[in-house]
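Peer 1: Model the following, please.
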Amino acid sequence: MKSKILKIEAALAVLLMLGLFVGCQKDPYDGVKSNEKSIENFTMGEGFTQIGAAVVDRTAGKVKVKVLVEEHTDFSKVRPIIQQSYRASVFPNSGEQVDFLANDYTFKYEVTAETGELREWEVEVEPFEETITGTYDITDLVVYGGTGPEYGGGAVLSLTSKPWIWPATDGPQVELDNKLTFTLTGVTPTGRTTGDFINDAGADGLYADFTYILDPRTDVNHFYRKLPKGEGTWERDYTTDVLTLIFADGTRVNCSFLGATAEDLGNGFTKTIQHNAFAFALNGTDDWSAIYSDYDKFVKKPRRYWVEVKKN
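Peer 2: Below is the predicted model of the structure:
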């Protein structure tokens with residue numbers, strides 16, 4: 001019993017000595033002042049929807065931040081949250097109201113290091129507007145397809161230009177009175193815009209059945225039913241220029257939302273877009289035995305598909 005007590009006392013003595021030793025150690029950084037004077041992070045503060053993280057260029061002393069323009073957005077009354085270097089100070093202070101409209105969406109901050117060294121930083125706000133919101137009329141459905149386009153097997157054709165290959169009552173033509181409405185609901189933490197959309201069937205109340213009715217009869221809805229019927233949601237990634245349409249059952253379809261342009265398709269083929277279009281990459285299969293036929297272009301080897309629209 002006595003030996004146990006001695007061991008405990010010895011252990012306590014060692015711990016006490018260690019404590020005294022550590023307590024006497026000098027902080028190696030004591031008295032050393034930091035000369036760091038950077039903006040490490042910048043957010044726009046309450047009331048603003050920021051698109052992604054701010055881009056901090058430490059070499060140039062600049063910060064760029066992209067902000068969604070909404071109905072209530074007022075860039076003259078911003079209270080940014082700023083994270084500066086360790087032991088540095090920033091002026092104006094983090095959370096202090098500043099005006100980004102007075103100098104063309106830029107504002108200059110001063111960051112002072114612990115040593116007293118000062119550096120000026122320029123923060124630039126880039127107003128961002130989601131271009132897809134609104135209501136659109138579908139004006140055309142167009143496909144580029146065909147095996148061996150370098151040998152004349154390709155073509156750019158409207159789906160409605162060949163009415164005899166589709167169902168008479170609900171072929172592609174019934175989509176041309178449809179209205180598409182896109183609304184914005186938010187922004188993801190990674191800066192993707194998100195929203196809801198409605199594909200209204202229009203006055204005829206019909207959605208197309210994309211079935212090739214000639215021989216061999218073939219269901220090609222997997223190629224051309226890219227816009228969900230009724231309601232769905234969407235997500236847009238501006239870094240990759242990809243718009244994702246999400247069906248009610250969770251199916252996701254990627255496309256590009258294009259403005260007025262002329263696409264060079266190669267082999268002497270082009271596609272001119274008058275207003276806007278949803279463009280989809282299709283993955284058909286070459287069929288040299290069917291080259292030059294409508295069956296090949298629409299069914300076997302469709303390559304690219306556009307739903308052309310005009311904004312109301």
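Peer 1: Please list all residues in contact with Ser76.
Peer 2: 99-102 (CB atoms under 8 Å, 6 or more residues apart in numbering). For every residue, glycine as well, the C-beta is placed using N, CA and C.
Peer 1: Show me which of the residues you listed is closest to Gln84.
Peer 2: Each of the contacts of Ser76 was scored against Gln84 by CB to CB, and Phe100 proved nearest at 18.8 Å.
Peer 1: related to what we said a few turns ago, determine which two of the contacts of Ser76 are furthest apart.
Peer 2: Farthest pair in the contacts of Ser76, by CB to CB: Phe100 and Ala102, 7.4 Å.
Peer 1: After the helix or strand of the chain at the bottom of the mean pLDDT ranking, which helix or strand is next?
Peer 2: Least confident helix or strand of the chain, by mean pLDDT, DSSP states H and E, is helix 2-24 with a mean of 55. Downstream of helix 2-24, the next assigned helix or strand under DSSP states H and E is strand 39-43.
Peer 1: out of Phe100 and Ala102, which sits in the more crowded spot?
Peer 2: The neighbour count for Phe100 versus Ala102, taken as other CB atoms under 10 Å, is higher for Phe100 (22 against 11).
Peer 1: who's in contact with that one?
Peer 2: Counted by CB under 8 Å, 6+ apart, Phe100 has contacts 75-76, 78, 106-107, 125.
Peer 1: By neighbours, which of the residues you listed wins?
Peer 2: Most surrounded of these: other CB under 10 Å gives Val125, at 24 neighbours.
Peer 1: Which residues does Tyr109 form beta bridges with?
Peer 2: Per DSSP bridges, the residues bridged to Tyr109 are Trp121.
Peer 1: and it, how many neighbours?
Peer 2: Tyr109 has 22 nearby residues by other CB under 10 Å.
Peer 1: correct me, but it touches Gly61?
Peer 2: No: using CB atoms under 8 Å, Tyr109 is not in contact with Gly61, being 9.7 Å away.
Peer 1: can you list residues touching both of these two?
Peer 2: With CB under 8 Å, 6+ apart as the test, Tyr109 and Gly61 both reach 120-122.
Peer 1: ok, the nearest residue to Pro80 once chain neighbours are set aside - contacts?
Peer 2: Leaving aside its chain neighbours, Pro80 sits nearest to Gly45 (5.2 Å; criterion: CB to CB, 6 or more residues apart in numbering). With contact set as CB under 8 Å, 6+ apart, Gly45 has these partners: 78-81, 95.
Peer 1: would you list those residues in CSV and tack on secondary structure and pLDDT?
Peer 2: Output for the contacts of Gly45, formatted as CSV (DSSP: H, G, I helix; E, B strand; the rest coil; pLDDT from 0 to 100):
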residue, secondary structure, pLDDT
Val78, strand, 97
Arg79, coil, 97
Pro80, coil, 97
Ile81, strand, 97
Gly95, coil, 97
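Peer 1: Show me which of those is closest to Asp209.
Peer 2: Val78 (52.3 Å).
Peer 1: quick one: contacts for that closest one?
Peer 2: Contacts of Val78 by CB under 8 Å, 6+ apart are 44-45, 48, 97-100, 125.
Peer 1: Sort out for me which of those residues are in strands.
Peer 2: If you go by DSSP state E, these have Val125 in strands.
Peer 1: I'd like the contacts of Val78 laid out as JSON lines, including distance to Glu36 and pLDDT.
Peer 2: Converted to JSON lines, the contacts of Val78 look like this (distance: CB to CB, whole Å; pLDDT from 0 to 100):
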{"residue": "Met44", "distance to Glu36": "24", "pLDDT": "93"}
{"residue": "Gly45", "distance to Glu36": "23", "pLDDT": "92"}
{"residue": "Phe48", "distance to Glu36": "27", "pLDDT": "90"}
{"residue": "Gln97", "distance to Glu36": "26", "pLDDT": "97"}
{"residue": "Val98", "distance to Glu36": "23", "pLDDT": "97"}
{"residue": "Asp99", "distance to Glu36": "28", "pLDDT": "97"}
{"residue": "Phe100", "distance to Glu36": "26", "pLDDT": "97"}
{"residue": "Val125", "distance to Glu36": "25", "pLDDT": "97"}
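Peer 1: quick one: the most centrally placed residue in the chain from Phe128, how far?
Peer 2: Closest to where the C-alpha atoms of the chain average out (CA atoms, centre = their mean) is Asp237, at 1.5 Å. Distance, Asp237 to Phe128, by CB to CB, to the nearest Å: 14 Å.
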